[in-house]
Each structure stands twice: as C-alpha cells, then as structure tokens.
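K.L.:
Below are the sequence and a predicted model for it; my questions follow.
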Amino acid sequence: MRIAAPILAVFAAVFLAIMGYFLHQGFGTTGTAFGAGVADQGDANLQATPAPIATDPPGTFTIPQTGSGPARGNSSALPGAQVGGGSPGGPPAPVMAEVQSLRARIARNPKDLAALVGLANLEFDGHFYDRAIPLYQRALAIDPKNPDVRTDYATALHESGHDLQAIQQVDLVLQQRPNFPNAIFNRAIYERAIGRNSDAVEDYRAYLKIAPAGAPRADDAKAALQQLGASAN
C-alpha cells in the first residue's frame, strides 16, 4: 500500500496534465478550462450575403437585333441578328457585363421590358434558347402586340425544335402586320422544316413580292425556291 499510493499520485498528476492539455487545445483558452474564449465561440452575428449574379456557361455571344432570328447566310437563314464571334471559352467581358447589368435590372424591376428583351436576345445569340424563351414570354406578357419580340420568340421556338408553336406565333404577328417581311420569310423556314413545302413556296414568293429593294434575304428566298423546284412567280 505504501508503494501503491505514490504510484496512484503520479498517475493522477499525469492524468490531470493530459486533461489540461486537451482542454487547452480543444477550446483554445488560457487560465481555466472553460474560460472567456468558449463563451465567444459560435456567437458571431452573421449578416446575409446577397447571392451573386450567376454567370453564363461557355457560349458564343454577339450584340442582338430585334425582329429577327439568326442569320446563317444560306437559304434556310432567318433574318435578323448575326450569330458568331465571341469565344468558345465564354462571352466577351463587355457582353458578360451587359448580361449581369440586365439581370440586375430585372431583379429590381421584373417588368423592365427593355431589359427582358435585351437579355432574351443575348441568350438567343448565345444559343441558350431554353433561357431566351421564358424571357420573351415575360416580355410578351407585358407588351403582347410587339411584333418584333413575338418574331424573335417564334425563332427561339424554331431553334429549339418547336416549329408548330413557332408558326402559331408568326401567324399572330401577321394578323397584326400582314406584310411584315421577316415574319413571312421566317414562316417559310418553319414550314419547310416540318415538310410543308407547298406552304413554304407560297411564303417565299410572298416575301419576294413585299421585300424592299436590295433585301438581304431575297437571294436566300430565290435559292430556297430553286431547291424546292419552284419558280419565284
């Protein structure tokens, strides 16, 4: 027993030393094991941080024009915005800045028509039709009689494979503006895409009759008629 008591005392001292070390490491305190440092832990008053504006995935962007669709330089081209430029690694910095600016404007005012259309056109030119379509829809909910926006909306539908819906939209445009050249030309594209070639021929011919002198799509319409085995008259 005389030997056991000193040994027990040594073990007790070692045990207390070890516990003190772990308490010091675990709580980062000085002095007592549960000092002031523990009271401050986890009590920070964190402020909510606004979510950053999302950036676009890589794509090709250009400055858009309304009343249009992509221009590809062949008989199936749709008149309007030029598609091209940019970089496969992402949009140019000025375009990305414009995208962010437009998104911020829409966040502040969801009915900012100019911002909705501008962003839709940028998404369209980037080939992100699934993002452009709802933006055009929101713009049309605000201004349903805007033929340029509806024509762009129809083109986005066509580009995403919804040609019947695209035809319905240009039909609405032509009810308001029966001689709107872009809508007539575009409808011929949609009709040809689903095999309605006789309807496409009629629309290509109609376009050539009302297209202004030197219209950039006149040669495309003539070429399409030749491919369809039809004359321009």
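P.N.:
Now that the structure is in, tell me what you want to look at. Residues are numbered from 1 along each chain as shown.
K.L.:
Confirm that residue 229 sits in a helix.
P.N.:
No: going by DSSP: H, G, I helix; E, B strand; the rest coil, the assignment for residue 229 is coil, not a helix.
K.L.:
Please report how far it lies from residue 197.
P.N.:
For residue 229, the distance to residue 197 equals 9 Å [C-beta to C-beta, to the nearest Å]. The way it works is simple: take the backbone N, C-alpha and C, and place the C-beta from them, glycine included.
K.L.:
what do you get for residue 155?
P.N.:
Computed with C-beta to C-beta, the distance linking residue 155 and residue 197 is 20 Å.
K.L.:
tell me the mean pLDDT for the helix or strand harbouring residue 121?
P.N.:
Per DSSP states H and E, residue 121 falls inside helix 113-125. For helix 113-125, mean pLDDT rounds to 94.
K.L.:
Identify each buried residue in that helix, please.
P.N.:
Neighbour counts using 16 or more other C-beta atoms under 10 Å place 113, 115-125 of helix 113-125 among the buried residues.
K.L.:
List the buried residues of the helix or strand just after that helix.
P.N.:
On the C-terminal side of helix 113-125, the closest following helix or strand by DSSP H and E is helix 129-142. For helix 129-142, burial by neighbour count (16+ other C-beta under 10 Å) applies to 129, 131-133, 135-136, 138-140.
K.L.:
thinking again about what came up before, look at residue 229 and residue 197 and report which has more neighbours.
P.N.:
More neighbours surround residue 197 than the other of residue 229 and residue 197, with 16 against 8 (other C-beta atoms under 10 Å).
K.L.:
so where is the protein shaky, pLDDT-wise?
P.N.:
Along the chain, segments meeting pLDDT under 70 span 1-90.
K.L.:
can you give me the helices in it?
P.N.:
With DSSP state H, the ranges of helices along the chain come out as 4-27, 36-40, 93-108, 113-125, 129-142, 147-159, 163-176, 181-193, 197-210, 218-227.
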